[in-house]
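> 3D, please:
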Amino acid sequence: MENESRRKMQRRKGERRGEERRKNFDRRQTQVLLENGRKDRRSKERRSNEDRRTGERRLNGDRRSAEKSLSDRTKKDDDENSYEDVVSGRNAVLELLKSDKDINKIFIESGEKHGSIKEIIARAKENKVVLVEVDKQKLDLMAENHQGVVAVVPPFNYCEVEDILEYAKEKNEDPFILILDGIEDPHNLGSIIRTAETAGIHGIIIPKRRCVSVNSTVAKVSTGAVSYVKIARVNNLNETIKKLKDSGLWIIGTDGEADTLYYNQDLKGPLGIIIGSEGFGMSKLVKENSDILIKIPMKGKITSLNASVSAGIIIYEAVKQRM
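I've put the predicted structure just below:
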């Protein structure tokens, strides 16, 4: 009996040890599974991170490649668009072709050709100027209001004041010069140059500072007159005026407060006419260096004229007197 009880106790102990071993085994298995799960997650995370980094590297590489490609295209476009200067508009380009000025290239809008474009093409071929057909967007980048044609030209070739005086001497005429003090609007400068050319003025003098230079807008507004007018650009306008006076020219300044009306002033003989800026007129020193000051009478409430209009009035009074 006692032996039977002992065997039962040993059997129960064995069953408990077996149960504990199974529990321990299950625990270890669970831990292994959990660890494997964690490893799988870490592995997946690593792969995901690697894939993300690879994707980012590829994206960055593609971006750098695209940026380089864009940079290369932009540089190429910049090279193609690094025009020294341009002349746009049909009349301006046509007059340019008629003159003896250098033309690097002429861009024509692609498509059907009508009107004066045909003459431009014919003259360009005759002068052996390179013609390039491009779309309108290309021309829009080069110039405004181009009318389908843009000529690429070297920078404007300014002359010396002595060249203007020599030109008058060659024509056996008294020098007739226009001096511009502070004209900053290219449209005004273009209009003045156009008027000066039609009036037979021998040349125009502008300062390097406080005055617009001859650019594509000036050339277009002048309808090509810049191709025929001698224009000198000087460092010191007052010193130039003194040299002109030493050369025998009378310097006539225009000023709204002058006592003499323009049509009462003798404008014959060697002459330099000064036109002041659109808003402020002549500078103080330029006014002091003038021999005579004249004015245009004003009857309305507006007390000043556009600079190009003032220039036209005075220039053609001089032309009338000199005929």
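
> end-to-end on stretch 299-312?
Terminal residues of stretch 299-312 are spaced 18 Å apart (Cα to Cα, to the nearest Å).

> so where do the strands sit in the stretch 51-200 of the chain?
Using DSSP state E, counting those that start in this stretch, the strands assigned to the stretch 51-200 of the chain run over residues 85-88, 105-109, 131-134, 149-153, 176-181.

> show me what the second one is packed up against.
Think strand 105-109. Applying 3 or more Cβ pairs under 8 Å, 6 or more residues apart in numbering; DSSP states H and E, one finds that strand 105-109 makes contact with helix 116-126, strand 131-134, helix 136-142, strand 149-153. Glycine gets a C-beta too; all of them are placed from N, C-alpha and C.

> in TSV, list those along with mean neighbour count and distance to Y316.
Shown next, in TSV, are the helices and strands packed on strand 105-109 (neighbours: other Cβ atoms under 10 Å; distance: least, Cβ to Cβ, whole Å):
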stretch	mean neighbour count	distance to Y316
helix 116-126	15	28
strand 131-134	13	39
helix 136-142	14	35
strand 149-153	26	30
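
> and the helices in this protein?
Taking DSSP state H as the test, the helices found in the chain are 2-81, 90-98, 116-126, 136-142, 161-170, 186-199, 216-221, 237-246, 284-289, 307-322.

> got a list of contacts for the last one?
The reference is to helix 307-322. By Cβ atoms under 8 Å, 6 or more residues apart in numbering, the residues outside helix 307-322 that reach it are 174, 176, 178, 183, 185, 187-188, 191-192, 195-196, 199-201, 252, 254, 262-263, 266-268, 271, 273, 275-278, 294, 296, 305.

> re earlier: take the helices and strands packed on strand 105-109 and write them to a markdown table, including mean pLDDT and distance to G300.
Shown next, in a markdown table, are those (pLDDT from 0 to 100; distance: least, Cβ to Cβ, whole Å):
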| stretch | mean pLDDT | distance to G300 |
| --- | --- | --- |
| helix 116-126 | 89 | 39 |
| strand 131-134 | 90 | 47 |
| helix 136-142 | 87 | 40 |
| strand 149-153 | 88 | 40 |
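
> just send those back as JSON lines, with distance to V86 too.
Converted to JSON lines, these look like this (distance: least, Cβ to Cβ, whole Å):
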{"stretch": "helix 116-126", "distance to V86": "14"}
{"stretch": "strand 131-134", "distance to V86": "13"}
{"stretch": "helix 136-142", "distance to V86": "6"}
{"stretch": "strand 149-153", "distance to V86": "5"}
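
> of all these, which one is nearest A92?
Closest of these to A92 is strand 149-153, at 8.0 Å (criterion: Cβ to Cβ).

> do you know which of the helices and strands packed on strand 105-109 lies nearest E109?
helix 136-142 (5.5 Å).

> if we can go back for a sec, are any of the contacts of helix 307-322 buried, and if so which?
If you count burial by 16 or more other Cβ atoms under 10 Å, the buried members of the contacts of helix 307-322 come out as 174, 176, 178, 183, 185, 187-188, 191-192, 195-196, 199, 201, 252, 254, 262, 267, 271, 273, 275-278, 294, 296, 305.

> who are the neighbours in contact with the closest residue to L180 other than its chain neighbours?
Spatial nearest neighbour of L180, excluding adjacent residues (Cβ to Cβ, 6 or more residues apart in numbering): I206 at 4.9 Å. I206 is in contact with 180, 183, 189, 213, 231-234, counting by Cβ under 8 Å, 6+ apart.

> do that again at 7 Å, thanks
Taking Cβ atoms under 7 Å, 6 or more residues apart in numbering, we find I206 in contact with 180, 231, 233.

> quick one: the last one from G256, how far?
The one in question is R233. According to Cβ to Cβ, to the nearest Å, R233 and G256 sit 27 Å apart.

> shaky segments in the stretch 51-200 of the chain?
Applying pLDDT under 70 to the stretch 51-200 of the chain flags residues 51-84.

> can you rerun that using 90?
When residues are selected by pLDDT under 90, those of the stretch 51-200 of the chain lie in 51-105, 110-118, 123-129, 135-148, 151-157, 182, 184, 186.

> repeat that for the stretch 201-323 of the chain.
208-224, 226-227, 256-257, 277-282, 298-306, 323.

> 70 instead?
Ranges of the stretch 201-323 of the chain meeting pLDDT under 70: none found.

> how is the protein carved up into domains?
Domain assignment for the chain by automatic domain parsing gives 85-153, 161-322.

> run the chain-centre distance for the first one.
If I follow you right, that is domain 85-153. Put simply, domain 85-153 sits 18 Å off its chain's centre (Cα atoms, centre = their mean, to the nearest Å).
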